[in-house]
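Enquirer: coords please:
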Amino acid sequence: MSQKDRDTSYSRLFAEELRLAEEAKEVVRDRALSGKELYKLHQELAGQYEKLLKTTIKLSRISDIQGKKLKEQEQEIQTANESLKHLEKLRQRLIADISHELGTPMVAVQGYVKALLDGVIQPEEKYMRLIYDRVLTVNHLIKDLFLLSTFQANQNHFEHQRIEIGAFVRAVERKFMPDCERAGIAFDMEMPGEGADPVIVWGDPVRLDQVFENLLRNAMKFTQAGGSIRLCSEFQPKYEGALLGHWFVKVSDSGIGIAEEEVPHVFERFYRSKRASANGIEGTGLGLAITKEIIQKHGGEIGVTSRAGEGSTFFFLIPAESVTSVDGQTRSMIKGGLS
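Expert: Just a heads-up that it's a prediction; the model follows:
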């Protein structure tokens, strides 16, 4: 409500009093001409009453404003309180997760060190390597847990910038192709050709690189030598000919796949499929949970389709646009103007 509307509302609220005050002023004004002192006093009294009404209106307005501010402050306090409760739940959950997940590797480290101290085993390389690997596992686990918790508590700031996805995906290919070759896994790419219009997203390149790191490393982990991984990247317009749409990415592998009943749980923290455990495939179960948080922070969605023994396909989409050129410069509809 505007200030003018509020003034009109208060005037309407005190309309009867204002009308009576005005009538009283007119009556005593006419009769005061008679020169009688009493009517002059009546005229002064009517004027004071009018002033009192106007002061009352102002006080009512001030009270209303203060009331609204108090409600706003109450809402802010309530929101802050809910935020603190949320952070406390995350803290408790983090402590519980750390206590649970650190137990196994730390017990192993403790056992090896005690055996070394007691002379049961000698400080051979294989035992030192086992201890080192367990320590690395603990370090990665703590790092991933902290990262995931900051995402969920909205305490991790993203550095969004313009990313041309063609160049970005080609950099991903150059990064992972040698690793796949060493593992004996075929790595294929599917993306628009050189003549296609450039497509951009506004995102954090470090975090998006982490998404590809998690998805592709995951695919390599579950795919044996002789298998294949396929990365598809395309722009999907909102409708035919539209410049705005989504960047759609699929990472498919020919690995061991995921059982149908386990598919809904793969993005949960610490979830590891039974087939992964049975095949001795290590992991903390945090990579996909982190990936989901990153995609959601970019306004996107992520999912998976899979069948046991037939491989998996992880996919995500985030807002993107196909840009056009004007006098050699690209026009961005998301940011507006030329960029």
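
Enquirer: next, the buried residues of the strand or helix carrying Arg170.
Expert: Assigned by DSSP states H and E, Arg170 belongs to helix 165-183. Residues of helix 165-183 classed as buried by neighbour count (16 or more other C-beta atoms under 10 Å): Ile165, Gly166, Phe168, Val169, Val172, Glu173, Phe176, Cys180, Ala183. Just so you know, the C-beta spots here come from the backbone N, C-alpha and C atoms, and that holds for glycine as well.

Enquirer: distance of the most centrally placed residue in the chain relative to Lys250?
Expert: With distances taken as C-alpha atoms, centre = their mean, the residue of the chain nearest its centroid is Lys297 (3.0 Å). As judged by C-beta to C-beta, to the nearest Å, Lys297 and Lys250 stand 20 Å apart.

Enquirer: same question, Glu261
Expert: Distance from Glu261 to Lys250, by C-beta to C-beta: 23 Å.

Enquirer: low-confidence bits of the stretch 1-150 of the chain, can you list those?
Expert: 1-47, 49-50, 86-87, 90-104, 140 (pLDDT under 70).

Enquirer: what sits closest to Asp144 if chain neighbours are left out?
Expert: Nearest-residue entry for Asp144: Leu286, 4.1 Å, with adjacent residues in sequence omitted and distances by C-beta to C-beta, 6 or more residues apart in numbering.

Enquirer: give me every residue that touches that neighbour.
Expert: Counting by C-beta atoms under 8 Å, 6 or more residues apart in numbering, Leu286 makes contact with Leu141, Asp144, Leu145, Leu148, Arg269, Phe270.

Enquirer: quick one, phi psi at Ala186?
Expert: phi -70, psi 130 (degrees, to the nearest 10).

Enquirer: give me the beta-bridge partners of it?
Expert: Here Ala186 sits in beta bridges with Ser228, going by DSSP bridges.

Enquirer: follow-up on the earlier one: isn't the residue nearest to the centre of the chain right up against Phe158?
Expert: Yes. Shown here, Lys297 and Phe158 form a contact pair, counting by C-beta atoms under 8 Å, at 5.9 Å.

Enquirer: which residues are common contacts for those two?
Expert: Common neighbours of Lys297 and Phe158 (C-beta under 8 Å, 6+ apart) are Arg207.

Enquirer: ok, and the closest non-adjacent residue to Phe315?
Expert: Leaving aside its sequence neighbours, Phe315 is closest to Lys250 (4.5 Å, by C-beta to C-beta, 6+ apart).

Enquirer: so which residues make contact with whatever helix or strand that neighbour lives in?
Expert: Using DSSP H and E, Lys250 sits in strand 244-253. Residues outside strand 244-253 that contact it (C-beta under 8 Å, 6+ apart) are 165, 199, 201, 212, 215-216, 219-220, 222-223, 227-238, 300, 311-322, 333-334.

Enquirer: weed out the non-buried ones from those residues.
Expert: 165, 199, 201, 212, 215-216, 219-220, 222-223, 227-235, 300, 311-322.

Enquirer: so which of those sit within helices?
Expert: For those, the ones inside helices are Ile165, Phe212, Leu215, Leu216, Ala219, Met220, with DSSP state H as the criterion.

Enquirer: please enumerate the helices of the protein.
Expert: Counting by DSSP H, the helices of the chain are 3-13, 15-32, 37-117, 125-152, 165-183, 205-221, 274-278, 287-297.

Enquirer: what's the angle from the fourth one to helix 205-221?
Expert: Here helix 125-152 runs at 130 degrees with respect to helix 205-221, directions being taken by axes from the mean of the first three to the mean of the last three C-alpha atoms, to 10 degrees.

Enquirer: how about the last one?
Expert: Going by the same axes, to 10 degrees, helix 287-297 is angled at 150 degrees with respect to helix 205-221.
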